[in-house]
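S.K.: just coords:
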């Protein structure tokens, strides 16, 4: 009885082995091929990154191009803000029915977007969002700084809710030091005051030079009157 | 109209350029537009409102691009950033 059972078990094991052998071979072959192609891709990526890393000026040129593009897309105030302070502020879109937006975002390059209340400066949230280019054209997925800011600006001004939904939301302090952000908000307020003062001084100077020209009887160009000039009254 | 793409390590590159009023050039623009969207890019058109405010408009089809738009900018789609 035991002998018969043993013989049957051995027969069944051999049969099972014979049946599964082709599948096992196919599985081993495909796994080997996958490993080979993965290693080849890694070698290719590594080689590409190595080749690209020999150009020390590439990142600088990329950033210059990115800054020129950003400058052409945002308005003069936003561009000056980024140039002088290193970040952009974008007003939040108030939900329909509310009188005005009471919050805004600070956009930093390759850092989270920070939402805050414009009246009090209280920090609301950090939104971690990235725009990784997995094709790695020069061995990296990261856009130049100004391009990252531009991508955030475009996504935020075009579809704020979608971008916020795609981002990972955290309380303030997860990645950015809240003290640093508050300091940035103070720098921003100071920067705006200085711009306002400079603008008033410029207007006052223009008005004064206009008055002087009128007093001396010189013909002055008046805005809004077409290409011609009118005599001073 | 110019189709631009933001690229890591380079800045923007011009993918295609042409006049949308010329059928052959428009076809090239449409083809390039579709290729980028198929590759998973987002497409945005920078615009300026009457009050001087600048903003962007995300578009999903070439037909949504204003005919007088100067540029369409493609960039990788947003993903939640990983905490460092």
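M.R.: Nice, thanks for sending it over. In this text the structure is predicted, and so the values were computed from the model without any measurement. Residues are numbered from 1 along each chain as shown, chains lettered A, B, ... in the order given.
S.K.: tell me the pLDDT at residue 49?
M.R.: Since no chain was named, I'll use chain A. Looking at residue A:49, its pLDDT stands at 58.
S.K.: switch to chain B, that's the one I care about
M.R.: Value listed for residue B:49 in the pLDDT field: 86.
S.K.: show me where the chain has its helices.
M.R.: You didn't say which chain, so I picked chain A. With DSSP state H as the criterion, chain A has helices at A:2-52, A:58-73, A:76-85, A:145-158, A:160-166, A:178-215.
S.K.: not quite, I wanted chain B
M.R.: Along chain B, counting by DSSP H, helices occupy B:23-38.
S.K.: tell me which parts of it are close to chain A?
M.R.: For chain B, the residues in contact with chain A (CB under 8 Å from any CB of the partner chain) are B:4, B:6-12, B:39, B:42, B:44, B:46, B:52-58, B:73, B:75-84. The C-beta positions use only the backbone N, C-alpha and C, and glycine is treated the same way.
S.K.: summarise which helices and strands the lengthiest strand in chain A is packed against.
M.R.: The longest strand of chain A (DSSP state E) is strand A:123-130. Contacting strand A:123-130 under the criterion 3 or more CB pairs under 8 Å, 6 or more residues apart in numbering or on different chains; DSSP states H and E are the following elements: strand A:113-117, helix A:160-166, strand A:168-170, helix A:178-215, strand B:79-80.
S.K.: report the buried members of the residues of chain B next to chain A.
M.R.: In the residues of chain B next to chain A, burial by neighbour count holds for B:4, B:6-12, B:42, B:44, B:46, B:54-58, B:73, B:75-76, B:78, B:81, counting by 16 or more other CB atoms under 10 Å in any protein chain shown.
S.K.: re the thing from before, in CSV, list the helices of chain A along with mean neighbour count.
M.R.: Formatted as CSV, the helices of chain A follow (neighbours: other CB atoms under 10 Å in any protein chain shown):
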stretch, mean neighbour count
helix A:2-52, 10
helix A:58-73, 18
helix A:76-85, 16
helix A:145-158, 25
helix A:160-166, 15
helix A:178-215, 12
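S.K.: right, so of those helices, which gets closest to residue B:66?
M.R.: The closest of these to residue B:66 is helix A:145-158. By CB to CB, the value is 13.4 Å.
S.K.: right, is the closest one up against chain B?
M.R.: Yes - under the criterion of CB under 8 Å from any CB, helix A:145-158 makes contact with chain B via A:147, A:150, A:151, A:153, A:154, A:155, A:157, A:158.
S.K.: hang on, the third one packs against residue B:6?
M.R.: When you say that, I think you mean residue A:151. Yes - contact criterion CB atoms under 8 Å: residue A:151 and residue B:6 qualify, at 6.4 Å.
S.K.: mutual contacts of these two, please.
M.R.: Taking CB atoms under 8 Å, 6 or more residues apart in numbering or on different chains as the contact rule, residue A:151 and residue B:6 both touch A:131, A:143, B:75, B:76.
S.K.: the last one pairs with what?
M.R.: Counting by DSSP bridges, residue B:76 forms beta bridges with residue B:41.
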